[in-house]
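Peer 1: This is a predicted model, with the sequence first.
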Amino acid sequence: MSGTWHFICKVDEIPRSGGRTVHAGDISVALFRLTDDTVKAIENRCPHKNGPLADGVLSGGDVLCPLHNWRVNLDSGEVAAPESGCVKRFAVKVEDGQIFLEL
Amino acid sequence: MMKKKLVMIGNGMAGVRAIEEILAANPDMFDITIFGAEKHPNYNRIMLSPVLAGDTTIEDIILNDEQWYADNDITLHLGKRVKEIQRGYKKVIAEDGTEAEYDNLIIATGSSPFIIPIPGHDKEGVMGFRDIDDCDTMLEAAKKYKKAAVIGGGLLGLEAAKGLMHLGMEATVIHDQATLMNMQLDSIAGEMLRDDLEAQGMNFKVSTLTTEVTGEERVSGLKFKDGSDLDCDLLVMAAGIRPNMALANDCGIYCNRGIVVNDYMQTVTDPAIYSVGECAEHRGIAYGLVAPLFEQAKVLAYQITGQGLKAYQGSVVSTKLKISGVDVFSAGDFMTTPGADVIELMDKVGGVYKKIVLEDDRIKGVVMFGDTADGPTFFQWLQDRKDVSELRSSLLFSASGLGDSGHSGIDQASAMDDDTIVCGCNGVTKKDVVDSIVKGGSTTRKEITACTKAAGSCGGCAGLIDQILASTLGSAFVESDHEPICGCTELNHEQVKEQIRNKKLTMVREVMSVLDWESEGCQVCRPAINYYIGMTWPEESDDDRTSRIANERMHANIQKDGTYSVIPRVYGGDTDADYLLRMGEVAKKYDIKTIKITGGQRIGLYGVKKEDLASVWSDLDMPCGYAYGKALRTVKTCVGSEWCRFGTQDSTSLGIHLEKQLDRIWFPAKVKLAVSGCPRNCAEATIKDVGIVGVDGGWEIHVGGNGGVHVVATELLCIVETGEEVEEIAKAYLQHYRETGRHNERCAPWQQRVGLESIKACVVDDLANRKALVERMHLYLATQESDPWQDRIKDEAKTETREFNEYRVINIKEIN
């Protein structure tokens, strides 16, 4: 997967343990700032019923979908058992407190 | 005394179970040596399908690890295949030359998948499904190949196909009969099973004989008798098993379909040699399911340790399919012949089918699809030859005959007889499970499994075990105060609350680090901690928005398509023309699809986009209705004495006043009130958290009711004369609930837990305490945001606090 790096926003615009939605063409990306200030990006669509993951609650390295609490891992994109499924992951980097997303 | 030497060939489930039974009967009788051809210790072969399907892992299905063998002084030769039994010298020789002498020998070599000898069956990519190596082969194949075919639409074939699909392969099942699992299901259930599996994406070719495997070195396709063909790059043969009996046959032990044994599991040729498991043939049958094999193991152990005679009489078997989301059960002889006595239930839409075949008022066979909860009970009755003539009319609705009362907490487990088998795989009765709880002190399913083996094989009875646990431990189980909040901590709600108060903890993160949380918290504990902090330290703490779920963070209710609903307050359900006009204008401006009168006497706008929320609120300029949160929802009222000719009290005014007073307070769970103007109770006050009913000269205050899933009627707290007293007592009651309720616990269960009498003492009888409670509520209210919507509108204007911001990336060329 390779593409262009796009500037999205400053890290400080997202609270710790918070998420934001990024619209990119037809794709919606969920951007998260973890407690250690690392930033993760996955597809903003739960494999279960298309719930907006960006609005979910973070729990460690997972996000819990706001609709039915499916647990999606931010690193692997995999849904935790007993459910199954997978979301796309996107590359992100932080430079000088600014978040860039590769699309 | 010299120990006797016992050698076992084979290290599988049946054999090792026999060894376990022998050790239990007499641990000092034998020096035991086991030869296993596989390189793994004994594992739960039945669970290979779930491993393939990703529901469990290899590590989790190991039944006896190497430590177990060591602890029991068993000499274990893993990966050594025995090539010869020398009966004259009483010894066995492995391929690598290892020898072992025996006084008694157990042959437990199991079985092998039957590879149909059609042309091309020896090509690469053609395999059986039997052991961990096969499992690994499939896992590897799925990385490279995409099209799998499975010959055999029986239990194993379907589970294998499902597993391969889980690994991302396309799977086609080829079956030579018209009905899937035709050994275990009738044609109707087979059809329903097929529909279900097709809906899951499995492909089928039934009534089809495979004639050739095509391809170069590796399989690339199949040819069928009807002339058609199929592309595939992996072929699993699941067309039955063949007992492994060559070793026995070669040394002159009589074999037929399997190694022939008597009722004591001794080979009929040599009484020093026993056989158990899938390789053994007893009264003409070689069993392939685990339950009979465990029974055999028990009989063998009795015999070999000289405990007395306990004959094996053969088994009636029951079957359960291990595919998630598909429930199938069958037992006994269920094939219908003309004139047979059959009871059937068919619910095509609901996907439920049950059939019981009776003979002389006794169950002869049963097939169930969709709802299999009563399967074990029916199976028990079948074995007991229980007369079911009196239960005929309700038999298929519920074996336990509970009927409607089944909803009020009585369950299947409590209605079961003590000797009913709960775990069919391991032959564990209800009494065994109860004993393990009462005498053995087990309090979790894991402990019960460790103690009795129940739910340790196929796991199909896990739910039943939980029910027995609940009904045996009774209130201790349900009300266990030691139940932690969630998996992140060992502490329960009360302990966390106490620590927050005593240590003056005012931040969620602080609580988790001081109290040794095992993770960064989850959607259960973080909102709970946030609530307890806000309730305990209203002036000293700030709300942690990231510890709130989406609804409470957005101050709107997330809907199934990701949009939100907006529901402003309509105090007491009392509105006016201006309000309605404004509502209509906003709905038009934002193209709101649905405008709904809610169940709580207010108006909801549904389908609002997240980025529109702030402007919708701003245009509405109405107070937030908290329709999304653990807060006061509505105060439902009737029109009362102002209009109603029966009305004795002004219920609307009191309702409006209460709703304004209790607005903007976070509670452990949502709170609903109602005020009725007379005992006709049109506002349905007696199923609310707090329900006020006007009577001549006063008000009744009812508390702890609930509509919804479990309807609970309120209990009468007290009767007072004035509206002021109603306000004071309602506030005291709700503040007491805020302080002693557990997060996510509604008033009704809280009241049942702490008891009405104790609540009455705190909020009615003890006047000083009542005033103190109200005082604390007012103190809390003073710290609360003016109105969350107005506050959010202001926040959204500032970049750093924007919650609803969505970012856009333009000029996208290509997205992978």
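Peer 2: Looks like it came in fine.
Peer 1: Okay, now the unreliable bits of the stretch 701-816 of chain B?
Peer 2: Counting by pLDDT under 70, the stretch 701-816 of chain B shows low-confidence ranges at B:799-802, B:810-816.
Peer 1: quick one: the strands in it?
Peer 2: B:715-720, B:806-809 (DSSP state E, counting those that start in this stretch).
Peer 1: can you give me how far the shortest one is from the chain middle?
Peer 2: Taking Cα atoms, centre = their mean, to the nearest Å, the mean C-alpha location of strand B:806-809 is offset from the chain mean by 39 Å.
Peer 1: Also the longest one?
Peer 2: Using Cα atoms, centre = their mean, the mean C-alpha position of strand B:715-720 is found 41 Å from that of the whole chain.
Peer 1: ok, it: who's next to it in the sheet?
Peer 2: Using DSSP bridges, strand B:715-720 pairs in its sheet with strand B:698-703 (antiparallel).
Peer 1: and for the partner strand, what are the contacting residues?
Peer 2: Here strand B:698-703 makes contact (Cβ atoms under 8 Å, 6 or more residues apart in numbering or on different chains) with B:649, B:654, B:685-686, B:688-694, B:714-723, B:725-726, B:729-730, B:733, B:747, B:751, B:756, B:759. Where you see a C-beta, it was placed from the backbone N, CA and C, and this is true even at glycine.
Peer 1: filter those residues to the buried ones?
Peer 2: Neighbour-count burial (16 or more other Cβ atoms under 10 Å in any protein chain shown) is assigned, among the contacts of strand B:698-703, to B:649, B:654, B:685-686, B:688-694, B:714-715, B:717-718, B:720, B:723, B:726, B:729-730, B:733, B:747, B:751, B:759.
Peer 1: quick one: which of those residues sit in helices?
Peer 2: B:654, B:723, B:726, B:729-730, B:733, B:747, B:751, B:759 (DSSP state H).
Peer 1: follow-up on the earlier one: the strands of the stretch 701-816 of chain B: which one's closest to residue B:171?
Peer 2: The closest of the strands of the stretch 701-816 of chain B to residue B:171 is strand B:806-809. By Cβ to Cβ, the value is 39.0 Å.
Peer 1: what's near enough to touch the nearest residue to residue B:29 once chain neighbours are set aside?
Peer 2: Closest residue to residue B:29 apart from its sequence neighbours, by Cβ to Cβ, 6 or more residues apart in numbering or on different chains: residue B:305 at 5.9 Å. Contacts for residue B:305 (Cβ under 8 Å, 6+ apart) come out as B:22, B:25-26, B:29.
Peer 1: which stretches of chain A form strands?
Peer 2: For chain A, strands defined by DSSP state E occupy the ranges A:5-10, A:18-24, A:27-33, A:39-43, A:57-59, A:62-64, A:71-73, A:89-90, A:92-95, A:98-102.
Peer 1: okay if I get those as TSV plus distance to chain B?
Peer 2: Formatted as TSV, the strands of chain A follow (distance: least, Cβ to the nearest Cβ, whole Å):
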stretch	distance to chain B
strand A:5-10	5
strand A:18-24	4
strand A:27-33	6
strand A:39-43	10
strand A:57-59	4
strand A:62-64	5
strand A:71-73	9
strand A:89-90	9
strand A:92-95	12
strand A:98-102	7
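Peer 1: weakest of those in terms of mean pLDDT?
Peer 2: Among the strands of chain A, strand A:57-59 has the lowest mean pLDDT, at a mean of 86.
Peer 1: packing partners for that one?
Peer 2: Applying 3 or more Cβ pairs under 8 Å, 6 or more residues apart in numbering or on different chains; DSSP states H and E, we find strand A:57-59 packed against strand A:62-64, helix B:525-536.
Peer 1: how far is it from where the chain is centred?
Peer 2: Distance of strand A:57-59 from its chain centroid, counting by Cα atoms, centre = their mean, is 11 Å.
Peer 1: just to revisit the earlier point, need the buried ones from the contacts of residue B:305 selected in ChimeraX.
Peer 2: Here is the ChimeraX selection string for the buried members of the contacts of residue B:305, based on 16+ other Cβ under 10 Å:
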select /B:22,29
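Peer 1: Just the ones in helices from the contacts of residue B:305, please.
Peer 2: Using DSSP H, the members of the contacts of residue B:305 that fall in helices are B:22, B:25.
Peer 1: tell me which of the contacts of residue B:305 is nearest to residue B:130?
Peer 2: residue B:22 (25.8 Å).
Peer 1: For residue B:786, see how far away the closest one is.
Peer 2: Separation of residue B:22 from residue B:786 (Cβ to Cβ, to the nearest Å) stands at 76 Å.
Peer 1: three-state assignment of the residue in the stretch 351-500 of chain B that chain A sits nearest to?
Peer 2: Nearest to chain A in the stretch 351-500 of chain B, going by Cβ to the nearest Cβ, is residue B:488, at a distance of 8.3 Å. With DSSP: H, G, I helix; E, B strand; the rest coil as the basis, residue B:488 sits in coil.
Peer 1: need the contact list for it.
Peer 2: Per Cβ under 8 Å, 6+ apart, neighbours of residue B:488: B:512, B:517-519, B:521-522, B:524-525.
Peer 1: With residue B:424 instead?
Peer 2: Contact partners of residue B:424, counting by Cβ under 8 Å, 6+ apart, are B:291, B:318, B:320, B:376, B:379, B:460-461.
Peer 1: Please flag which of the residues you listed sit within helices.
Peer 2: Using DSSP H, those in helices are B:291, B:376, B:379.
Peer 1: Give me the lowest-pLDDT entry from those residues.
Peer 2: Lowest confidence among the ones in helices among the contacts of residue B:424: residue B:376, with 77.
Peer 1: what's the burial count for that residue?
Peer 2: 25 (other Cβ atoms under 10 Å in any protein chain shown).
Peer 1: Name the residue most distant from the centre of the chain?
Peer 2: Picked chain A for this. residue A:82 (21.3 Å; Cα atoms, centre = their mean).
Peer 1: Please refer instead to chain B.
Peer 2: Largest centroid distance in chain B under Cα atoms, centre = their mean is residue B:88 at 54.7 Å.
Peer 1: Could I get the phi/psi values of the closest residue to residue B:418 other than its chain neighbours?
Peer 2: Spatial nearest neighbour of residue B:418, chain neighbours left out: residue B:431 (4.1 Å); criterion: Cβ to Cβ, 6+ apart. Main-chain torsions, residue B:431, degrees, to the nearest 10: phi -60, psi -40.
Peer 1: can you pull the pLDDT of residue B:431?
Peer 2: 85.
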